[in-house]
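Student: I would like to see how this sequence folds:
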Amino acid sequence: MTESEKVTVGGLLSVLALIVPVFLFHVAPQFPGSSIGGLFGIAATTLFVLLLAYTAVKRQPWIKSHTNGFFSLGAVLTFHVYAGTIGALLGIIHSGHKFQSPMGIALVVLMLAVVASGFVGRYYLAEVGQELKEQQRDLAVLRTRYDGLVLAQMDLQDQAVVDPSGLPLGNLLGAISDLEFTITGRDMLKRAFSRWMVLHIAAAIAMYALLTLHIWSSIYYGLRWIG
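Tutor: Here you go, the predicted structure:
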């Protein structure tokens with residue numbers, strides 16, 4: 001994820017996080033069934049259906065081979081991120097903050113779970129992994145310098161040995177210890193978030209099931225009301 005993409009998606013997530021609790025102050029019970037509310041719902045559903053394009057391109061080799069000449073998997077993933085975030089935002093607007101039915105509440109919760117878990121995997125987990133690699137490289141450098149100073153101190157008895165940067169041997173050892181502690185913490189965090197894909201897929205499957213049921217019930221009861 002590029003820096004601009006991170007800022008954009010982070011901004012959309014912030015709006016999404018702020019707009020959900022607005023139901024405490026504003027409720028529009030008639031909005032979901034109105035023409036404008038229906039358009040928001042259709043737009044959100046369309047984006048959620050288009051999200052499956054990433055899964056199709058990634059999992060089906062024949063689809064991937066036919067689309068490589070038009071766009072890369074990374075471009076499809078970027079669209080996946082934006083479509084999911086904007087789709088959830090449109091879905092919340094479509095609800096009119098009418099969080100009364102269990103199915104509607106569950107659908108909103110699942111939408112947020114899909115978006116949040118996707119963001120963790122797309123940005124946060126990748127960033128933690130990159131920082132972990134950099135810290136491991138730094139640790140290897142510090143250990144090499146420490147080993148060299150230890151050998152030098154063995155040859156220069158009763159003399160203070162310092163690193164070329166001016167760092168005493170004891171301080172260098174403390175820096176190594178601190179970095180090892182940080183790496184251990186980040187590694188534990190990475191392991192804790194390593195199962196984000198399981199949550200992401202499970203929440204997405206449940207969301208699509210409820211979304212299908214929501215659309216069916218809207219059409220069925222809508223037609224009965226018209227009749």
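Student: got the residue ranges for the helices in the protein?
Tutor: 3-19, 35-50, 52-59, 61-67, 73-95, 102-119, 125-155, 169-193, 196-226 (DSSP state H).
Student: Show me the shaky parts of the protein.
Tutor: Residue ranges of the chain with pLDDT under 70: 1-3, 5-7, 20-27, 97-99, 148-170, 222-227.
Student: try 50 this time
Tutor: Applying pLDDT under 50 to the chain flags residues 158, 227.
Student: I'd say Glu131 and Asp187 touch.
Tutor: No. Between Glu131 and Asp187 there is no contact under CB atoms under 8 Å: 10.9 Å. C-beta coordinates here come from the backbone N, C-alpha and C atoms, glycine included.
Student: ok, the residue nearest in space to the middle of the chain - contacts?
Tutor: Geometric centre of the chain, nearest residue: Phe119, 1.2 Å, by CA atoms, centre = their mean. Phe119 is in contact with Val9, Leu13, Val81, Thr85, counting by CB atoms under 8 Å, 6 or more residues apart in numbering.
Student: gap between the first one and Tyr82?
Tutor: Distance of Val9 to Tyr82, computed by CB to CB, to the nearest Å: 7 Å.
Student: And those two? Which one has more around it.
Tutor: Applying other CB atoms under 10 Å to Val9 and Tyr82 shows that Val9 carries more neighbours, namely 22 against 15.
Student: Isn't that one up against Val120?
Tutor: No. When contacts are counted by CB under 8 Å, Val9 is not listed as touching Val120 (11.8 Å).
Student: before we move on, the earlier item: can you redo the helices of the chain as TSV with distance to Ala28?
Tutor: TSV is the format used below for the helices of the chain (distance: least, CB to CB, whole Å):
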stretch	distance to Ala28
helix 3-19	13
helix 35-50	8
helix 52-59	30
helix 61-67	40
helix 73-95	9
helix 102-119	13
helix 125-155	37
helix 169-193	37
helix 196-226	17
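Student: Straight-line length of stretch 58-74, end to end?
Tutor: End-to-end distance for stretch 58-74, by CA to CA, to the nearest Å: 10 Å.
Student: what does it rub up against?
Tutor: Under the contact criterion CB under 8 Å, 6+ apart, stretch 58-74 has outside partners Ala56, Val57, Val76.
Student: Might you calculate how far that stretch sits from the centre of the chain?
Tutor: Chain-centre distance of stretch 58-74: 23 Å, with CA atoms, centre = their mean, to the nearest Å.
Student: Could I get the buried residue list for it?
Tutor: By neighbour count on 16 or more other CB atoms under 10 Å, the buried set for stretch 58-74 is Thr67.
Student: Quickly note the distance from Lys190 to Tyr124.
Tutor: 10 Å.
Student: Over to Leu172?
Tutor: Leu172 is 32 Å from Tyr124, by CB to CB.
Student: same deal with Leu18?
Tutor: Distance, Leu18 to Tyr124, using CB to CB: 20 Å.
Student: The two - which one has more neighbours?
Tutor: Tyr124 (15 against 9).
Student: residues touching the more buried one, list them.
Tutor: Applying CB under 8 Å, 6+ apart, the residues near Tyr124 are Phe193.
Student: Top of the contacts of stretch 58-74 by number of neighbours, please.
Tutor: Val57 (22 neighbours).
Student: any idea how far it is from Asn68?
Tutor: Between Val57 and Asn68 the distance is 9 Å, computed by CB to CB.
Student: Isn't Val57 up against Phe79?
Tutor: No. At 10.2 Å, Val57 does not count as touching Phe79 under the criterion of CB under 8 Å.
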